[in-house]
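**Q** With the input below, show me the fold.
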Amino acid sequence: MRTPSVPVATTARRVLSIVALLPLVLTTTVELRSAAPCAADPADRAAWAEFDPPYRTDVGTPQHEDCAVYAGTPLDFGELTEPPTVEHAAGSGPDDIDVIAHWYNDFGLVGGSGWKGWYDWRWNFPTNRDGGGTDPQLGYDPARHPTLGFYEGDDPRVLGWIAYWLRSAGVRAVSFPQSRGFTTDGWSGNGRDWLEAYFEQTPNSRALDYVLPIGSVGSAAEIQRRAEQLVTTVRDHPNVYVFADDGKRYATVNAWDLESLRGAFDGYANLNMPKTLAFLRSLASSFRDLGYDGVAVLGRHPGVLGARWERYVGDGIRIVNASYDGNYDDGTDHDTYADYTEHVEYDAVPDLQENAAIGTFTALDTAHPHPSGYHYTGSTPQLFRKQLDRARAYVDEHDLPRVMTVYNVSEWAEGGPGLIPNVRDGFGYLEALRRTIEGEPATVETDPHGVAIAGTSGNRDPERRSRRRGTGPARPPGRRWAALR
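**A** All right, here's what the predicted structure looks like:
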């Protein structure tokens, strides 16, 4: 196994850093193998990683901390402890907001024939500090070094810890965006799909609701075939996320690109889209057979279907405009996360009409050498909290559905820090989310440069927040939206 060499002086410096920072490092009880050649430097831990998380952190030995690339050689993974069991969320109150976290698994298709390419990407390693160029922002970021290590993402213990932390922070559901849609092809075979490990081998998966994707690219026949597998999975795993509106309960799916779905079935020129509507009506019918009132589609790029959504409610089709990364740009060229958070104008975004699930993001900062193009540098948990509060206030003020999506759980290469604890920020992003969900007033804090970051607690008018869950008392007359379960 090939491992990078580290000078003795460097190792000694890191050991001294650990001793000096021990009180701060011990805010989490996770053991970081500091002497490993490629382990993240605890000195990179940020001052704001001081949250006292209300959940356990005794995960055991972080995984794959030797940072060896795969290159066909078996990888060395540490042993994690069994995660604590977490219960499914109870019913929500009228002032609550449901959070759906988008979960694309950057790490870890290691079992069987899984793809191991993430373990060969330079952005993973602390040696990538200069990003191969002159901009240090493109290099290694300690916020991308998970507390779990470079983890094995199809390990049920890994998935169990992640689900436990998400639920403990108040996340109600996770979605699994894929442009080709959900499939169970290969399950119970020689390989191990990470979603199979999640649904079939991870008890904590039942603590979170879920949103599976319908396909939006490929042939119409393949999209239909995968949709049938999705319905079967919902039958076998009843904790699907439910959208409740006007006394109806819809099993929820997401579509990576709703306009592409229309193109796949009818071609973009056909605005009547008879085959697309036939597919969605069939999907709604399948869910009615399972006891729901139809299907709710969280649609990215909603297009024609999103513009005409009210026409299809009678068919059991409830379309909701929904972003993936939550990037509601106001037309200004924002170069930093702080600038975006301060200046984005939700009112300038046409998709944020009354029929929208507003989106937020922990970070949008691509790491070299990943080829995507996100460039909002400088994300912090405090700025994330500010964005969450602004988004929640907008939901309150504009009577939007009581739902918010968050990008991302673990899309480290493209998105940057996610909702998994990391070396620099600890549980900061999870805690920012939990405090917003629980309605704690935001306090004035400072960013790493000492600049004041003022949050807002949003609208807490009890009369305005008179909505009810679909499973609870009937909503007051005149309100369109029931909240989501």
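**Q** all helices of the stretch 351-485 of the chain, in order?
**A** Remark: helices assigned in the stretch 351-485 of the chain by DSSP state H, counting those that start in this stretch are 381-398, 412-415, 428-437.
**Q** Same check on the chain?
**A** 8-20, 22-25, 156-168, 194-201, 220-236, 258-266, 274-289, 303-307, 337-343, 381-398, 412-415, 428-437 (DSSP state H).
**Q** Show me the one of those helices that comes nearest P84.
**A** helix 156-168 (5.9 Å; Cβ to Cβ). For glycine as for every other residue, the C-beta is placed from the backbone atoms N, C-alpha and C.
**Q** Can you list the buried residues in the closest one?
**A** Neighbour-count burial for helix 156-168 flags 156-168 (criterion: 16 or more other Cβ atoms under 10 Å).
**Q** Using TSV, please lay out those residues together with distance to Q63.
**A** Below are the buried residues of helix 156-168 laid out as TSV (distance: Cβ to Cβ, whole Å):
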residue	distance to Q63
P156	13
R157	9
V158	7
L159	12
G160	13
W161	11
I162	12
A163	17
Y164	16
W165	16
L166	18
R167	21
S168	21
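**Q** Nearest to E79 among those?
**A** Set against E79, the nearest of those by Cβ to Cβ is R157 (8.8 Å).
**Q** I figured the closest one hits G78, correct?
**A** No - using Cβ atoms under 8 Å, R157 is not in contact with G78, being 10.7 Å away.
**Q** how long is stretch 314-334 from one end to the other?
**A** Using Cα to Cα, to the nearest Å, one end of stretch 314-334 lies 42 Å from the other.
**Q** and it, what's its mean pLDDT?
**A** Averaging pLDDT along stretch 314-334 gives 86.
**Q** For this structure, give me the ranges with low pLDDT.
**A** 1-40, 42, 47-53, 91-94, 108-114, 122-124, 126-139, 190-192, 330, 442-485 (pLDDT under 70).
**Q** which residues in it form strands?
**A** 98-102, 173-175, 209-214, 242-245, 248-255, 295-299, 317-322, 356-361, 364-365, 375-376, 403-407, 445-446, 452-453 (DSSP state E).
**Q** just how off-centre is stretch 241-258 within its chain?
**A** Stretch 241-258 sits 18 Å away from the centroid of its parent chain (Cα atoms, centre = their mean, to the nearest Å).
**Q** try stretch 250-265
**A** Offset of stretch 250-265 from its chain centre (Cα atoms, centre = their mean): 19 Å.
**Q** residues of it that come out buried?
**A** Here stretch 250-265 shows 250-265 as buried, counting by 16+ other Cβ under 10 Å.
**Q** What about F176, how many residues nearby?
**A** Applying other Cβ atoms under 10 Å, we find 18 residues neighbouring F176.
**Q** Next, the contact list for it, please.
**A** With contact set as Cβ atoms under 8 Å, 6 or more residues apart in numbering, F176 has these partners: W103, Y104, F182, L195, Y210, V211, L212, P213.
**Q** Most neighbours out of these, which is it?
**A** Counting neighbours by other Cβ under 10 Å, W103 comes out on top of these with 30 neighbours.
**Q** ok, so what distance separates that one from A322?
**A** Distance, W103 to A322, using Cβ to Cβ, to the nearest Å: 15 Å.
**Q** can you check D425 too?
**A** 27 Å.
**Q** related to what we said a few turns ago, can you put the helices of the stretch 351-485 of the chain in a markdown table and add mean neighbour count and distance to P54?
**A** Shown next, in a markdown table, are those (neighbours: other Cβ atoms under 10 Å; distance: least, Cβ to Cβ, whole Å):
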| stretch | mean neighbour count | distance to P54 |
| --- | --- | --- |
| helix 381-398 | 22 | 15 |
| helix 412-415 | 24 | 25 |
| helix 428-437 | 24 | 8 |
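**Q** could the strands of the chain be laid out in JSON lines, adding distance to P417?
**A** Below are the strands of the chain laid out as JSON lines (distance: least, Cβ to Cβ, whole Å):
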{"stretch": "strand 98-102", "distance to P417": "13"}
{"stretch": "strand 173-175", "distance to P417": "17"}
{"stretch": "strand 209-214", "distance to P417": "22"}
{"stretch": "strand 242-245", "distance to P417": "29"}
{"stretch": "strand 248-255", "distance to P417": "23"}
{"stretch": "strand 295-299", "distance to P417": "24"}
{"stretch": "strand 317-322", "distance to P417": "22"}
{"stretch": "strand 356-361", "distance to P417": "10"}
{"stretch": "strand 364-365", "distance to P417": "8"}
{"stretch": "strand 375-376", "distance to P417": "12"}
{"stretch": "strand 403-407", "distance to P417": "11"}
{"stretch": "strand 445-446", "distance to P417": "17"}
{"stretch": "strand 452-453", "distance to P417": "16"}
